[in-house]
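Participant: When you get a sec, could you give me coordinates for this:
(2 chains)
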Amino acid sequence: MTEEPYRWVEAISNRREYIEHQLAGGSPIVALTYAEGILFLTLSRERQKIFEIYDRITMGAIGHPGDIERLRMAAIEVASTEGFTRSTQDVSLRRLATFSLSPALKAAFEQIYGPPYLARMLFAELGREGEGNLFVRIDFDGTMHTSGGPHLRSFEAYGVLAGTAAQSAAMERHLAAGQHSGKTLKDALRTALDAWTLGHLTRDDGAPPTPEAIASAKKEQLRDAVLEAAVLDRHARHPATYRPLSQDDLGGIDD
Amino acid sequence: MEGIFRGTGLEIGSGAPTASGPADFAALLKRQGLYPGSPPVQAGQPAPCRPEETHATTILAFKFAGGVLMAGDRRATAGNTVVYDRADKVLEIDRHSLMAIAGVPATAWEMARVLEHSFQFYRRTQLQEMSLDGKVRALSKLLRDNFGFVMQGVGIVVPIFATYDTAAAAARLYFYDAMGAQFEAADYAVSGSGSPAVRSILYYANTWGPTPLREVSREQAVILALRALDTAAETDTATGGVDRRGRVYPVVKIVSGEGITTLSEEDLAATFKTEVR
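Facilitator: Presented below is the predicted three-dimensional model:
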């Protein structure tokens, strides 16, 4: 049946619809450049969603935990092997995304007799001295989204990940309207939480949420869910820059 | 799934963890053919040449009031030739672990690199820090894997390992033999060709010194380490002394609850001038 081209297209289209539906409920993730590095933030009820991949690379993901786990492991293995055989300086998000993750995801998605990856990931890489940071979103079909230019070599200040396109678009619009790179951790946490709440409340067919709705939803979510945040710290004393934020760091975010 | 992920042990679609467990970085390297296999050791067959027994260097470590101090000279030799006089034999493995190496530099540095990546790989994949016992054992396993090279007369490594036990809030010190046996040192550990002299000094200082080593201040600990290395350099040609003109001083590092501190060249130069010679 699937030998016929249009049947294949139909199968892919069904598969896409199914995965999009599964991912739609995922809690958004916000990554933001601030004065000291990069901040990752999300709220979750069930499991960890922000992970260390390598010295300067972090991943946030939504989707099926089994798939996220396999992709996370694969990313760590590719980065660690590269860092060991060459040098830690040779590990780059651009190469990890374009040469390793994207082709593998695309192939799994289009081989309709095998299972696709039910996951959407946001990667961030802390730039070295004098360089900007890089944010890349990779979807279940291997497509990459970044405003970092054609070679993933120009940089920007934020990256977002959400269950639906409408949510990510709303969050991106919100973050694009501000200047974040000089913010303190506390201010960056507030900005990221606002962006998260906006994404959380955005629906495909509906007016954008009002500031009052955002304020009350934020309070409610902070009470019911667990705030998860981590930073890639530009001033870390060690090559590994990833640091999960403690309750002390997060204090005062809901003021 | 073929292609990019092939050989990572986590081919997409298989998802099956490997026998050695997904958290073992050394096993991952072996699967990918990136870690040199050691030749097999066969019983009853004489080694092609006698295993080298000298590990031309001096490294020492001892517990003092502020944690563990680890120090090493800077000389690297090949036979009678001094190859390098700025070798760093005290290596930082992670935020709380130091490894000092005596033996063949190529193998030792490679081991340190594998170890460093192993601990990080474990933390990243398993989302928790490797236990202290796990770290100590990981080095033991690398030494055991290397034993084929030792029997061939190349690649012997006899390291010292120091780390901080956060649960017990105490620094811990281990030494190894070339086959991978690990021993926990109560007060001090030494290795390398200059170690007999240093060992005697540390024994003497610990037993009859003004205070046992564990109560010695940081300042006194650094003085003791510099004097011990100077003594070793006096008789052992493979241990480098201080070259003041070339500004070559031993590497001295300290492990404590706060992490690892490296003594600056200025500090060492000042201490050496006033307290050693």
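Participant: Show the pLDDT at B:G44.
Facilitator: pLDDT recorded at B:G44 is 66.
Participant: Next: B:G33.
Facilitator: Looking at B:G33, the pLDDT reads 86.
Participant: Need the nearest residue in space to B:R137, chain neighbours excluded.
Facilitator: B:Q182 (7.3 Å; CB to CB, 6 or more residues apart in numbering or on different chains). Heads up, the C-betas are built off the backbone N, CA and C, glycines and all.
Participant: now the one you found: how far from B:R144?
Facilitator: Plainly put, B:Q182 is 10 Å away from B:R144 if you go by CB to CB, to the nearest Å.
Participant: A:R190 too?
Facilitator: 53 Å.
Participant: Likewise for B:D73?
Facilitator: 27 Å.
Participant: So what's the residue count around A:T197?
Facilitator: 26 (other CB atoms under 10 Å in any protein chain shown).
Participant: give the contact list for it.
Facilitator: Shown in contact with A:T197 (CB atoms under 8 Å, 6 or more residues apart in numbering or on different chains): A:214, A:217-218, A:221.
Participant: among those residues, which ones are buried?
Facilitator: A:214, A:217-218, A:221 (16 or more other CB atoms under 10 Å in any protein chain shown).
Participant: Next step: those residues restricted to strands.
Facilitator: Judged by DSSP state E, strands contain none of those.
Participant: Quickly check these for the two that are furthest apart.
Facilitator: The widest separation within the buried ones among the contacts of A:T197, taken as CB to CB, falls between A:I214 and A:Q221 and amounts to 10.3 Å.
Participant: All the strands of chain B, in order from the start?
Facilitator: According to DSSP E, chain B carries its strands in the segments B:59-64, B:67-72, B:76-78, B:81-84, B:90-94, B:97-100, B:160-165, B:170-176, B:182-184, B:188-191, B:251-256, B:259-262.
Participant: Dump the ones you listed into a markdown table; add distance to B:M130, mean pLDDT and mean neighbour count as well.
Facilitator: Below are these laid out as a markdown table (distance: least, CB to CB, whole Å; pLDDT from 0 to 100; neighbours: other CB atoms under 10 Å in any protein chain shown):
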| stretch | distance to B:M130 | mean pLDDT | mean neighbour count |
| --- | --- | --- | --- |
| strand B:59-64 | 21 | 97 | 28 |
| strand B:67-72 | 19 | 97 | 28 |
| strand B:76-78 | 30 | 88 | 17 |
| strand B:81-84 | 32 | 89 | 11 |
| strand B:90-94 | 9 | 95 | 22 |
| strand B:97-100 | 10 | 97 | 26 |
| strand B:160-165 | 10 | 96 | 24 |
| strand B:170-176 | 14 | 95 | 21 |
| strand B:182-184 | 15 | 95 | 13 |
| strand B:188-191 | 21 | 96 | 26 |
| strand B:251-256 | 16 | 97 | 22 |
| strand B:259-262 | 17 | 95 | 16 |
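Participant: near chain B, which residues of chain A show up?
Facilitator: Contact residues (CB under 8 Å from any CB of the partner chain) of chain A with chain B: A:48, A:51-54, A:66, A:70, A:72-74, A:76-78, A:80-81, A:83-85, A:99-100, A:103-104, A:107-108, A:114-115, A:117, A:237-238, A:240.
Participant: Sitting in helices, which of the buried ones among the contacts of A:T197 do you find?
Facilitator: A:214, A:217-218, A:221 (DSSP state H).
Participant: bridging residues for the residue in the stretch 151-277 of chain B positioned nearest to chain A?
Facilitator: Closest to chain A within the stretch 151-277 of chain B is B:G259: 7.7 Å, counting by CB to the nearest CB. Beta bridges link B:G259 to B:S256, judged by DSSP bridges.
Participant: Could you tell me which residues make contact with the closest residue to B:A170 other than its chain neighbours?
Facilitator: Closest residue in space to B:A170, ignoring its immediate chain neighbours: B:Y164 at 7.6 Å, by CB to CB, 6+ apart. Residues near B:Y164 by CB under 8 Å, 6+ apart: B:67, B:96-97, B:170-172, B:255-257, B:259.
Participant: Same check on A:G63?
Facilitator: Applying CB under 8 Å, 6+ apart to A:G63 gives the contacts A:22-23, A:26, A:117-120, A:140.
Participant: Which of those residues fall in helices?
Facilitator: Those of those lying in helices (DSSP H): A:22-23.
Participant: want to throw the contacts of A:G63 into TSV with pLDDT, distance to A:V231 and neighbour count?
Facilitator: As requested, the contacts of A:G63 are arranged in TSV below (pLDDT from 0 to 100; distance: CB to CB, whole Å; neighbours: other CB atoms under 10 Å in any protein chain shown):
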residue	pLDDT	distance to A:V231	neighbour count
A:Q22	96	30	16
A:L23	96	26	20
A:G26	93	22	20
A:Y117	96	27	25
A:L118	96	28	17
A:A119	97	23	25
A:R120	97	22	26
A:F140	97	27	25
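Participant: which pair in the contacts of A:G63 spans the largest distance?
Facilitator: It's A:G26 and A:Y117 that sit farthest apart of the contacts of A:G63, by CB to CB, at 13.8 Å.
Participant: mind listing what the spatially most central residue of chain A touches?
Facilitator: For chain A, the residue nearest the mean C-alpha position is A:L122 (2.3 Å; CA atoms, centre = their mean). Shown in contact with A:L122 (CB under 8 Å, 6+ apart): A:29, A:31, A:59-61, A:135-138, A:159-161.
Participant: so which of those residues comes closest to B:L60?
Facilitator: The nearest one, if we look at those relative to B:L60 and count by CB to CB, is A:M59, at 42.4 Å.
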